[in-house]
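S.K.: Okay, predicted coordinates and the sequence, questions at the end:
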Amino acid sequence: MRETFLVIALLLLQFAAAGQDAPKVIIWSPSDHCGFNRGVDLASEKVKCSSVETKHGQVSVIERDGLVLAIVLSADNRNIVLSVSIGNSASDALNFDSDNWAAAHYRSAAELQNGKPPMFAEYSIPSRDLVRGMTNQAAKTNSLDSYIETIHLLPDTIGDRGRSTTASDDDPAIAKRAEARSALTLEQQELIRKNALTAKFVLPNGKVKGLVYFRAERKAPYSIISMPIGDTIYVIEYLRDSK
């Protein structure tokens, strides 16, 4: 996790230079107490990281007091896709804006560890821009259906850590939609909008879920993704196949 600590150190320096208070930071890791946290009082706050393996990939979970953040990371030739579920059991609403979530992309973790700048870094792609940018060829793939099925999987996975509930890749509904795709129709555009994470808050005892997209670059397969939620930045690493 050394390379991730460097990212956080640089982030905190930016806030200090701007005269702002450095934010709280929690980095997901396989460790029960997470890989790193800053500004979080572990004596009074519950912080826990965990994961569940499913057919659609690993569900990474961060729990902090009333927050339960669950993420499935995946990618295609164009985008990195986060299937996200945010639960809030606290008495106050939890504010966030996924348009302000960001990713820094590197050729390797070693480059980051050695202090090299990212190949590129940018905010998430708003769903409206994604719809405009998608080609008909991209619409012919099954990836959108797979991501949507993953979203439906998330609440069950969070609710029962001992049971991995998965959506079948042989679902007839998925196969039927794949066969019918020949162009990016208005219905498909609406499907993207509908399943994007557009909510800006989570009500007390509520939950929101959706997809968040980032641009992918084949030559930069190692990514650090930061997700400001409430008063804390949650961070996760992602290494994808560069072939």
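M.R.: Noted; the coordinates are in hand. As the structure is a prediction and not an experimental result, all values here were calculated from the model. Numbers count the residues shown, from 1 in each chain.
S.K.: what pLDDT does Ala93 get?
M.R.: On the pLDDT scale, Ala93 is placed at 96.
S.K.: Quick check, it in contact with Lys200.
M.R.: No - here Ala93 lies out of contact with Lys200, judged by Cβ atoms under 8 Å, at a distance of 9.8 Å. From N, CA and C alone the C-beta is placed, and that goes for glycine too.
S.K.: what's the distance between Val68 and Asn77?
M.R.: According to Cβ to Cβ, to the nearest Å, Val68 stands 32 Å off from Asn77.
S.K.: what's the answer for Asp231, then?
M.R.: Where Asn77 is concerned, Asp231 sits at a distance of 36 Å (Cβ to Cβ).
S.K.: just Ile125 next, same as before
M.R.: Relative to Asn77, and taking Cβ to Cβ, Ile125 is found at 15 Å.
S.K.: I'd assumed Glu190 was in a helix, is it?
M.R.: Yes - according to DSSP: H, G, I helix; E, B strand; the rest coil, Glu190 belongs to a helix.
S.K.: That one - how many residues pack around it?
M.R.: Using other Cβ atoms under 10 Å, Glu190 has 11 other residues around it.
S.K.: that older thread, looking at Val68 and Asn77, which has the bigger crowd around it?
M.R.: Val68 (19 against 10).
S.K.: who's in contact with the more buried one?
M.R.: 61-62, 85-89, 158 (Cβ atoms under 8 Å, 6 or more residues apart in numbering).
S.K.: pretty sure Ser91 is in a helix, no?
M.R.: No - according to three-state DSSP, Ser91 belongs to no helix; its state is coil.
S.K.: Find the nearest non-adjacent residue to it, please.
M.R.: Closest residue to Ser91 in three dimensions, ignoring its sequence neighbours and counting by Cβ to Cβ, 6 or more residues apart in numbering: Pro204, at 5.4 Å.
S.K.: what about the one you found, which SS state?
M.R.: coil.
S.K.: Would you agree it is in contact with Ala90?
M.R.: Yes - the pair Pro204 / Ala90 is scored as a contact, 6.2 Å apart, by Cβ under 8 Å.
S.K.: Mind checking which of those two has more residues around it?
M.R.: Shown here are Pro204 and Ala90; by other Cβ under 10 Å, Ala90 has more neighbours (15 against 12).
S.K.: hang on, isn't the more buried one packed against Asp65?
M.R.: Yes - at 6.5 Å, Ala90 and Asp65 qualify as touching, with contact defined as Cβ under 8 Å.
S.K.: So which residues of this protein form helices?
M.R.: 2-17, 109-113, 127-133, 136-139, 143-159, 172-180, 186-195 (DSSP state H).
S.K.: Quick check: mean pLDDT of the fourth one?
M.R.: Throughout helix 136-139, pLDDT has a mean value of 43.
S.K.: List the contacts of Pro30.
M.R.: 49, 51.
S.K.: Model confidence for it, exactly?
M.R.: Pro30 is given a pLDDT of 85.
S.K.: got any ranges where the chain has weak pLDDT?
M.R.: 1-22, 36-37, 41-44, 131-185, 188, 242-243 (pLDDT under 70).
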